[in-house]
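Engineer: Return a 3D structure for these sequence lines:
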Amino acid sequence: METHLADWIKGTPTGAEAESILRTCVHCGFCNATCPTYQLLGDELDGPRGRIYQIKRMLEGEAPSRSTQQHLDRCLTCRNCETTCPSGVEYGRLVDIGRAAVDERVRRPLRERLQRAVLRGALTRRWIFDPLTRLGRTLRPLMPATLRSKLPPLRAAGAWPSRTQARKVLLLNGCVQPALIPAIDAATARVLDAVGVEAIVESRSGCCGAIDFHLSAQVQAQEHARRNIDAWWLHIVEGGIEAIVINASGCGAMVKDYAHLLHDDPAYAEKAQRVVALTRDLAEYLPTLLQPLIASKPIVLPDNLRRVAFHPPCTLQHALKIRGTVEALLTAFGAELVPVQEAHLCCGSAGTYSILQSELSVRLRERKLDNLQRERPAMILSANIGCLSQLEGAAAVPVRHWIEWIDTVLHDSQTRHQSV
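Structural biologist: Numbers count the residues shown, from 1 in each chain. This next block holds a predicted model:
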């Protein structure tokens, strides 16, 4: 589409990027057909095409309104529209530019400003979030159902492998996952150990920056990226690390964006590119290594593990564009995958969306669980901490990360083999 940027953004790197994206869009509307909020609300302004048009008008000089801000807030940034778009519009980048520009020009009500500040402060800092989570679990029986559903019951993580391996990878020292579901990292380390790879968690690393970035605190997101690069750098240049393996697809999508995030930082641009080159989602890194274990002996699964439904997170299938890999791996391990309708649609978690847009989030969760549980699976599997905690809060069956499932299958198989 034809675009004429306003003077305040014309000639800037952000303006050039936005203009390039806008000119790619042909305004066909195919994106609306797969947009979760458009399907729920039926409002053109709550679909990608309408949001693109609102961003375009603002970047061309029209003053944004509180209504503009709210329509952009209601976007999940699931990027399903990118998968659908025949023109390759990078909508995710454009909506981030648009949100930041609107927030600079439209002052939010005090309640929203405080809510966002608390979320950014508490969720991205382990020294705050971990004790809050422990306190929440203590008080869980007294909590309202809406809050209780956001705090999954603690399950034992199990032992962390003690062996030293020649092959080594870094795991992200995440912000919310270690407190909410510590079993995910422990299961990841055990499965990696089983294929001869040592998982290292650098304590100086932390939040990937996604929470700040998607709440228009992009400077703070850059600070998270620089801290992680600094924490990992010695391991990369001297420690023989062969990959940075991320077991939360939302974090993986963010870390893989570090080169773009820091492209104009002379001290970090090249380092960020190297970090991105080393970063692998667990679904990218692990399957080939597991093939010898799969081929070594047949795996007969008990009923509570055999029939499963897989929910591919939006960040896995639309941002990272990893589709079918986890499903193929689960099938190779003997899983019977039940068919799931609307597998492309968001579960409603989307980072802090489930808190900031709770009504829409609940409606999307109900729709997702109806599709996931329709064929009566014994378990639901996914690949991102946000989706897992979102679904577990209302599911009728256990919800686990797919790496926890494989860890359990390998352990059960080993136990049965030893007892024979």
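Engineer: any idea which element L329 lies in?
Structural biologist: Taking DSSP states H and E as the definition, L329 sits inside helix 325-332.
Engineer: now swap in K168 and tell me
Structural biologist: Under the criterion of DSSP H and E, K168 resides in strand 167-171.
Engineer: Could you do D103 as well?
Structural biologist: Using DSSP H and E, the element containing D103 is helix 91-105.
Engineer: what sits against the residue nearest the centre of the chain?
Structural biologist: With distances taken as Cα atoms, centre = their mean, the residue of the chain nearest its centroid is G250 (1.7 Å). Counting by Cβ atoms under 8 Å, 6 or more residues apart in numbering, G250 touches 208, 210, 313, 315, 351, 384-386. For glycine as for every other residue, the C-beta is placed from the backbone atoms N, C-alpha and C.
Engineer: wait, which of the residues you listed is closest to A189?
Structural biologist: Minimum distance to A189 across the contacts of G250 is 16.1 Å, recorded for I385 (Cβ to Cβ).
Engineer: which residue packs closest to that closest one, ignoring adjacent ones?
Structural biologist: What sits nearest to I385 in space, not counting adjacent residues and going by Cβ to Cβ, 6 or more residues apart in numbering, is Q177, at 4.3 Å.
Engineer: What of P313?
Structural biologist: N384 (3.9 Å).
Engineer: Shouldn't V245 be within a strand?
Structural biologist: Yes. Judged by DSSP: H, G, I helix; E, B strand; the rest coil, V245 forms part of a strand.
Engineer: these two touch, right, it and L171?
Structural biologist: Yes. Applying Cβ atoms under 8 Å as the test, V245 and L171 come out as touching, 6.0 Å apart.
Engineer: if I look at the two, which residues touch both of them?
Structural biologist: Joint contacts of V245 and L171 (Cβ under 8 Å, 6+ apart) are 188, 199.
Engineer: how long is stretch 392-401 end to end?
Structural biologist: Stretch 392-401 has an end-to-end distance of 11 Å (Cα to Cα, to the nearest Å).
Engineer: Please work out which residues outside it touch it.
Structural biologist: Residues outside stretch 392-401 that contact it (Cβ under 8 Å, 6+ apart) are 148-152, 181, 183-184, 187, 247, 365-366, 369, 372-373, 377-383, 388, 391.
Engineer: Narrow the residues you listed to those in helices?
Structural biologist: Counted as lying in helices by DSSP state H, out of the contacts of stretch 392-401, are 148, 183-184, 187, 365-366, 369, 372-373, 388, 391.
Engineer: what's the most distant pair in these?
Structural biologist: Farthest apart among the ones in helices among the contacts of stretch 392-401 by Cβ to Cβ are A187 and E366. That separation is 28.4 Å.
Engineer: can you map out the strands along the stretch 151-300 of the chain?
Structural biologist: 167-171, 197-201, 241-246, 279-281 (DSSP state E, counting those that start in this stretch).
Engineer: Now do the third one and strand 167-171, the angle between them.
Structural biologist: Going back to what we said before, that points to strand 241-246. 30 degrees (axes from the mean of the first three to the mean of the last three Cα atoms, to 10 degrees).
Engineer: orientation of strand 241-246 relative to strand 197-201 in degrees?
Structural biologist: Going by the same axes, to 10 degrees, strand 241-246 makes 60 degrees with strand 197-201.
Engineer: buried stuff in strand 241-246?
Structural biologist: Going by neighbour count (16 or more other Cβ atoms under 10 Å), the buried part of strand 241-246 is 241, 243-246.
Engineer: And those, which is closest to L345?
Structural biologist: Closest approach to L345 among the buried residues of strand 241-246 (Cβ to Cβ): I246, at 23.1 Å.
Engineer: By mean pLDDT, flag the weakest helix or strand of this protein.
Structural biologist: Lowest by mean pLDDT, DSSP states H and E among the helices and strands of the chain is helix 145-148, with a mean of 74.
Engineer: coming back round to it: show me what the strand holding K168 packs onto, helices and strands only.
Structural biologist: Using 3 or more Cβ pairs under 8 Å, 6 or more residues apart in numbering; DSSP states H and E as the contact test, the elements touching strand 167-171 are helix 183-194, strand 197-201, helix 218-238, strand 241-246.
Engineer: The shortest one pairs with which strands, parallel or anti?
Structural biologist: Spelled out, it's strand 197-201. Strand 197-201 pairs in its sheet with strand 167-171 (parallel), by DSSP bridges.
Engineer: Now do the partner strand: distance to the chain's middle.
Structural biologist: 20 Å (Cα atoms, centre = their mean, to the nearest Å).
Engineer: contacting residues around that strand?
Structural biologist: 185, 188-189, 192, 196-202, 205, 232, 235, 239-247, 285.
Engineer: Against T37, how distant is the closest residue to L170 other than its chain neighbours?
Structural biologist: Spatial nearest neighbour of L170, chain neighbours left out: I244 (4.7 Å); criterion: Cβ to Cβ, 6+ apart. Distance from I244 to T37, counting by Cβ to Cβ, to the nearest Å: 33 Å.
Engineer: Name the residues that touch stretch 61-70?
Structural biologist: Defining contact as Cβ under 8 Å, 6+ apart, one finds that stretch 61-70 is touched by 6-7, 45, 54, 58, 101-103, 105-106, 108.
Engineer: Which single one of those residues is nearest to A259?
Structural biologist: A101 (22.5 Å).
Engineer: For the stretch 301-420 of the chain, which segments count as strands?
Structural biologist: 307-310, 336-337, 379-382, 399-401.
Engineer: and L22, which of the ones you listed is closest to it?
Structural biologist: Checking the strands of the stretch 301-420 of the chain against L22 by Cβ to Cβ gives strand 379-382 as the closest, at 33.6 Å.
Engineer: strands paired with that closest one, and their directions?
Structural biologist: Applying DSSP bridges, strand 379-382 is found paired with strand 307-310 (parallel), strand 399-401 (parallel).
Engineer: for V340, what are its contacts?
Structural biologist: Residues in contact with V340 (Cβ under 8 Å, 6+ apart) are 309-311, 371-372, 374-375.
Engineer: Pull out the buried members of the residues you listed.
Structural biologist: Buried members of the contacts of V340, counted by 16+ other Cβ under 10 Å: 309-311, 371-372.
Engineer: any idea which of those residues is closest to R137?
Structural biologist: Closest to R137 out of the buried ones among the contacts of V340 is H311 (24.4 Å), distances taken as Cβ to Cβ.
Engineer: Show me the shaky parts of the stretch 151-300 of the chain.
Structural biologist: 297-298 (pLDDT under 70).
Engineer: on that earlier part again, as CSV, the ones in helices among the contacts of stretch 392-401 with distance to L329 would be great.
Structural biologist: Shown next, in CSV, are those (distance: Cβ to Cβ, whole Å):
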residue, distance to L329
R148, 33
A183, 19
I184, 16
A187, 14
R365, 26
E366, 29
L369, 23
L372, 19
Q373, 22
L388, 18
L391, 20
